[in-house]
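Undergrad: sequence and predicted structure are below.
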Protein chains: 2
Amino acid sequence: MNRKSDPSIQKWAPWMRRALELASLAEGNTSPNPLVGAVVLDAEGRLVGEGFHSQAGEPHAEVWALRQAGTKSKGGTLIVTLEPCCHQGRTPPCTTAILTSGISRVVIALEDPDPRVSGFGASLLKEAGLEVITGVLEEEAFSQNRAFIFRITNGRPWGVLKWAMSLDGRVALPNGKSQWISCKEARDWVYRLRSKCDAVIVGGGTLRADDPLLTSRGLSNPEPIRVVLTSGKELPLEAQLWDTSIARTIIAHGPEFVEGRIKQMKSAPEFVSLDSPGPLDLLKKLVLKGCNRVLWECGPSLATAAIEQGCVQELAIVLAPKLLGGESSMTPLGDFGFTSMSQVLDLVAGSTRKIGTDWLFSVPFHKD
Amino acid sequence: MNRKSDPSIQKWAPWMRRALELASLAEGNTSPNPLVGAVVLDAEGRLVGEGFHSQAGEPHAEVWALRQAGTKSKGGTLIVTLEPCCHQGRTPPCTTAILTSGISRVVIALEDPDPRVSGFGASLLKEAGLEVITGVLEEEAFSQNRAFIFRITNGRPWGVLKWAMSLDGRVALPNGKSQWISCKEARDWVYRLRSKCDAVIVGGGTLRADDPLLTSRGLSNPEPIRVVLTSGKELPLEAQLWDTSIARTIIAHGPEFVEGRIKQMKSAPEFVSLDSPGPLDLLKKLVLKGCNRVLWECGPSLATAAIEQGCVQELAIVLAPKLLGGESSMTPLGDFGFTSMSQVLDLVAGSTRKIGTDWLFSVPFHKD
């Protein structure tokens, strides 16, 4: 990161910015793979190819860009946001495609944190006689793929915890009503947030109280997986989530759960059995389903457990200029057992912006 | 207000802005009087006098400015933020001072809402042959004196309700501890806010839980009156508020209150008896003590009652990036009895700014 002022870094930054833009086009659709974008310049430095990774199983960004460039890539430069892979996965190694293309220089933003690649891809290219430049817009590339990197490093998806609350800190009226605390623009923003996540998780309580749909309203195709995490014995027979023609639904439950008539439904949800139906156990299952980023849209007890088990890396809070009051109104979080102000969770301020009539807070929980 | 683009208005706006700046120098010190600033130009338009009203009983702004101008005011212009008074109060009418000064033009921002003045001051000057221009920066002048205008119009002071809460909407831990939720910069801002108010009000619960000092830490001289509103029988014998050498303290109480040993203390607080010890009854007493603006720094029950009785015109909320949790943690407000989202208090968004690590929200409750 101390190489930012290096002229060889600066020279390639505008093209790398373009590659990052290309990568972002597939945001929310590439899991378990990372976002990757690539640009090919010919030997004279003219743009001859662009590509991005659109979803797992599809060719990688480098391959699309090299295909578009064709024979013009000979003696040219490949600019790519993530270190090219050197292993056979669902698609062949990109290093092979690069070597056969005749490219003579590869510019990379970020070393791939995947241990099957990390450093080996770049070494292989160097050993084959190509010029390899790394670290161009490294921070931006890291930020773009922080969910993927977190998943690779920690073995569980990056968690975003979202709630919408009134100015007096309530997420519902005493009778449980909460539709709608936030304004339309903020709710639209939540749809966009869901479209960038691989799963949206609620508990049994939220399912019963709100009967939510939990989709991105078509912004993402496929829709994120909708997950109900329940520690109870049963769930209601009628729920919007049981209609899996709109989106996939998973019921994650403990050993005592009774599948009963839900299992017999047409297009029934999937069932995932957990030894202890807690947030961390759930995430270990969801990582196997290809999730890099999950959204917690749950009530206070589950949200508190998710925080306590390290399953929240980011808070997304909508604050509406409303006052709800109510001694027993639901608040965003349950009890952490704190008895002194020195124990409380002290976060960094993050960013805020106005959205419609509400404010939006993005607060990091995770130190990058 | 539709005269903003009028050239005769625009011509005087820069001088009126200066007069408004002068007026603001005494913010928090003039009650029950308004803030007023004045500028005198000689017949050639050169600045020859400036003044502002510093506190009740002291000469008015016009008088200070005219005194400084002396004989140079002859044939000149007086620019003043509020319509000059024409009645004998604790000081003689300003219209008399203006007429004897030889001023030939008076430029006024705002008509005085005081029924003893309203329009009469300007009429008197016109009838005496002076040119009178009104409405220059009228909105700014209204905004500067909105607490005074509200008090004149409604017979009770303007109320500001302040609380500091965590990102999860808590104002204290389950055990009542709350020092400190907000950062130092936010607490300094609260001192400045107090210095602009005439009284700071808490309930018996806050007194017992926090034993607060409630001063501006010397920013205002005299300090705002510290008020404890109690519906209970007794208050603790030891409290920082009972030391009235720092600032005046009033105990406002219901009929059942037992003054007991507090009354016997050296420099004991004042006692104010209320038939029903509620927010509105208290404000009716405080208006008689010269209060234009009061600050509610109370717990949820009293804050809720203050809102319900129309005693809050503005919210000042500090939001700290901390998570406190706790099922029984104190929240900012109590129960309004709302059962539907259509009943909740729907405010306009107001303004927000960063202060230290916290955010500060200023939300109007009152439609100007």
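TA: Yep, it's here.

Undergrad: could you give the average pLDDT over stretch A:240-247?
TA: On average, the pLDDT along stretch A:240-247 is 94.

Undergrad: how far does it sit from its chain's centre?
TA: Between the centre of stretch A:240-247 and the centre of its chain there are 22 Å (Cα atoms, centre = their mean, to the nearest Å).

Undergrad: again, but for stretch A:348-364
TA: The answer for stretch A:348-364 is 19 Å, by Cα atoms, centre = their mean.

Undergrad: neighbouring contacts of it?
TA: Contacts with stretch A:348-364, where a contact means Cβ atoms under 8 Å, 6 or more residues apart in numbering or on different chains, come from A:164, A:182-186, A:189, A:313-321, A:347, B:167, B:321, B:348-349, B:352, B:354, B:357-359. C-beta here means a position set from N, CA and C on the backbone, and glycine is covered the same way.

Undergrad: tell me how far the closest residue to A:S328 other than its chain neighbours lies from A:S329.
TA: Leaving aside its sequence neighbours, A:S328 sits nearest to A:P174 (Cβ to Cβ, 6 or more residues apart in numbering or on different chains; 4.8 Å). As judged by Cβ to Cβ, to the nearest Å, A:P174 and A:S329 stand 5 Å apart.

Undergrad: neighbour count: the two, which is higher?
TA: Higher neighbour count among A:P174 and A:S329: A:S329, with 27 against 18, using other Cβ atoms under 10 Å in any protein chain shown.

Undergrad: list the residues that contact the nearest residue in space to that one that is not next to it in sequence.
TA: Leaving out its chain neighbours, the residue that sits closest to A:S329 by Cβ to Cβ, 6+ apart is A:R170, at 4.2 Å. For A:R170, the contacting residues are A:181, A:324-326, A:329-331, B:169, B:331, by Cβ under 8 Å, 6+ apart.

Undergrad: min pLDDT across these, which one?
TA: A:S329 (77).

Undergrad: check whether it sits in a helix, strand or coil.
TA: coil (DSSP: H, G, I helix; E, B strand; the rest coil).

Undergrad: what sits against it?
TA: Residues in contact with A:S329 (Cβ under 8 Å, 6+ apart) are A:170-174, B:331.

Undergrad: would you list those residues in CSV and tack on distance to A:L283 and secondary structure?
TA: Below are the contacts of A:S329 laid out as CSV (distance: Cβ to Cβ, whole Å; DSSP: H, G, I helix; E, B strand; the rest coil):
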residue, distance to A:L283, secondary structure
A:R170, 28, coil
A:V171, 23, coil
A:A172, 26, coil
A:L173, 31, coil
A:P174, 32, coil
B:T331, 30, coil
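
Undergrad: between those, which sits nearest B:L35?
TA: Taking Cβ to Cβ as the measure, B:L35 lies nearest B:T331 of these, at 35.4 Å.

Undergrad: tell me how many other residues crowd the closest one.
TA: Counted with other Cβ under 10 Å, residues neighbouring B:T331 total 25.

Undergrad: what's the closest non-adjacent residue to it?
TA: For B:T331, ignoring the flanking residues on the chain, the nearest one in space by Cβ to Cβ, 6+ apart is A:G169 at 5.3 Å.
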